[in-house]
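S.K.: Following is a predicted model, sequence given first.
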Amino acid sequence: MPTLQSQYDKARKVLPGGVNSSVRLNRALGTPFYVSRARGSRVWSIEGREFIDMCCAHGAALLGHAHPAVERALHRAVEVGLAHSFETEYHEELARKLCACVPCAERIRFCSSGTEATLHLIRACRAFTGRDKIIRVEGHFHGYHELIYIGGHPPASCTENRTHPYLESPGIPAAFADFIIPIPFNDVDALARAIAEHGRETAMVILEPINYNSGGIQPRPGYLEAVRRLTKDAGIVLFFDEIQSAFKKSPGGAQHDLGVTPDVCTIGKAIGGGLPLSAFCGRADIMDLFQPAGPVQHSGTFNAHLIPVLAGLAFLEEAAKPDFYPRLQQLENLFHGGVDQIIARHDLGMIVPRHGARFNILLGRRTPAERYEDTFCHDRAVMLKIIKACYDRGVYFHDYGGGPAHHGYSIQHTPEDIGRVLDVLDEVLGQLKDVLR
Ligand code: PMP
């Protein structure tokens, strides 16, 4: 039987770093987590060990693994003949149903990943305003392309000098940073200053309404309302990136739950039922700029492939069942009630922010973080120890370089699964309590 290490050794000879996505190297294990099978709330490693999955495909597997409704959709796609690069009635049905759920969505287009979705929508926002600059928020993540993989996660030394946005990967031309204006989260004055200085050249303000990608930071009361007002007054498009938050707590996403409607948004991950599907949507006057309705290009051989489209319809059908969100809420109550007790019992300096089926583990704090810099207290080495100790006990938390990452569960997780995860966390965190104070 192969081991993680033997598979890693083989894979590294043909795949850079042994993986197809940089974050798949799990530093807590020293190898990627190579999986042979997945079903419901469980994944099996190639070593034959069974785990409760608390990664859930980074939030894409809200239906869990191999959900029967998704399996039926896959068979249906084969029956229809895997018609792709054509439109079908299913595309219109999925579009119509999503527009009915998401408050800002008057029109919608589909693609495969979150990275693609932000790329195409940024182009439309620029075309709509005739402006090029982007105000973005530190700690927020919007995909890996050159247009926006800048200024998101600067190291501590760089946050003081916001006029020179941090390039997040070698190979991104420094000239792209000329278009990016980074601001801190939850700081209305900083946004007002950025708009006063750059507003006439700024196409959009882009942010995660809930900042999953830096420790689950919630917007302060009134912050999103102020962002809405300031962008509207300046003729700047307000762009919510809901790739992560869409459908986690309700079908309307964070914009519905928090009561602030952007001009446009991206949605993704969960909507494909585990298959690669993402979307961008918004006001008709912006979205109708896309060809052939308007002049802006968005095209692709595999756009809205029939398999993910049918899986997306299956996902919506499941999410529309009356017990879907109550069941997720029950798991949320169980998990967070238990975690709060563990934190109190061992007197730990950590917080576990939540939004629906996703949560973050942020070490080194006892009060909510309000901005990206507040997450610098997080001890990555200790996080790796926690992830490894949970792994040894059959609970899989993914490692994102030890950062204050997001984790979660699915509709197929049971209260017993959550109970087992809590028992493991109690034991592991109890053993590490001296370093977690
Ligand atoms: N935006 C947000 C808010 C995300 O969380 C992610 C993925 N973590 C992306 C964009 C990029 O999505 P993808 O990995 O599908 O390209």
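M.R.: Here it is on my side, so go on. If you're wondering where the values come from, they're calculated on a predicted model, not measured in any experiment. Numbering: from 1, shown residues only.
S.K.: Double-check that Arg365 belongs to a strand.
M.R.: No - counting by DSSP: H, G, I helix; E, B strand; the rest coil, Arg365 is not found in a strand; it is coil.
S.K.: What residue in the stretch 51-200 of the chain comes nearest to the ligand?
M.R.: Nearest residue of the stretch 51-200 of the chain to the ligand, counting by CB to the nearest ligand atom: Gly114, 2.2 Å away. Where C-beta positions appear, they are placed from N, C-alpha and C, glycine not excepted.
S.K.: okay, now Gly199: neighbour count?
M.R.: Look at Gly199: counted by other CB atoms under 10 Å, it has 19 neighbours.
S.K.: likewise Pro184?
M.R.: If we define neighbours as other CB under 10 Å, then Pro184 has 18 of them.
S.K.: still on that earlier bit, in terms of pLDDT, where does the residue of the stretch 51-200 of the chain closest to the ligand sit?
M.R.: As summarised for this prediction, Gly114 has a pLDDT of 98.
S.K.: Help me confirm that it comes into contact with Ile243.
M.R.: Yes - using CB atoms under 8 Å, Gly114 is in contact with Ile243, at 3.8 Å.
S.K.: tell me the phi and psi of the residue nearest the centre of the chain?
M.R.: Geometric centre of the chain, nearest residue: Gln244, 3.0 Å, by CA atoms, centre = their mean. Phi and psi for Gln244, reported as degrees, to the nearest 10, are phi -90, psi -40.
S.K.: Ok, Asp178 next?
M.R.: According to degrees, to the nearest 10, Asp178 has phi -60, psi -20.
S.K.: quick one: which of Gly114 and Ile243 has more around it?
M.R.: Under the neighbour definition other CB under 10 Å, Gly114 and Ile243 were set side by side, and Ile243 has more, 30 against 26.
S.K.: residues contacting that one?
M.R.: Gly114, Ala117, Thr118, His142, Gly143, Thr266, Ile267, Gly268, Lys269, Ser278 (CB atoms under 8 Å, 6 or more residues apart in numbering).
S.K.: Around the residue lying closest to the last one once chain neighbours are set aside, how many other residues sit close by?
M.R.: What that stands for is Ser278. Spatial nearest neighbour of Ser278, chain neighbours left out: Gly268 (3.4 Å); criterion: CB to CB, 6 or more residues apart in numbering. Close neighbours of Gly268, defined as other CB under 10 Å, add up to 30.
S.K.: try Val14
M.R.: 7.
S.K.: so where is the stretch 301-437 of the chain shaky, pLDDT-wise?
M.R.: Within the stretch 301-437 of the chain, no stretch has pLDDT under 70.
S.K.: Contact residues of the stretch 251-400 of the chain facing the ligand?
M.R.: Counting by CB under 6 Å from any ligand atom, the residues of the stretch 251-400 of the chain close to the ligand are Gly268.
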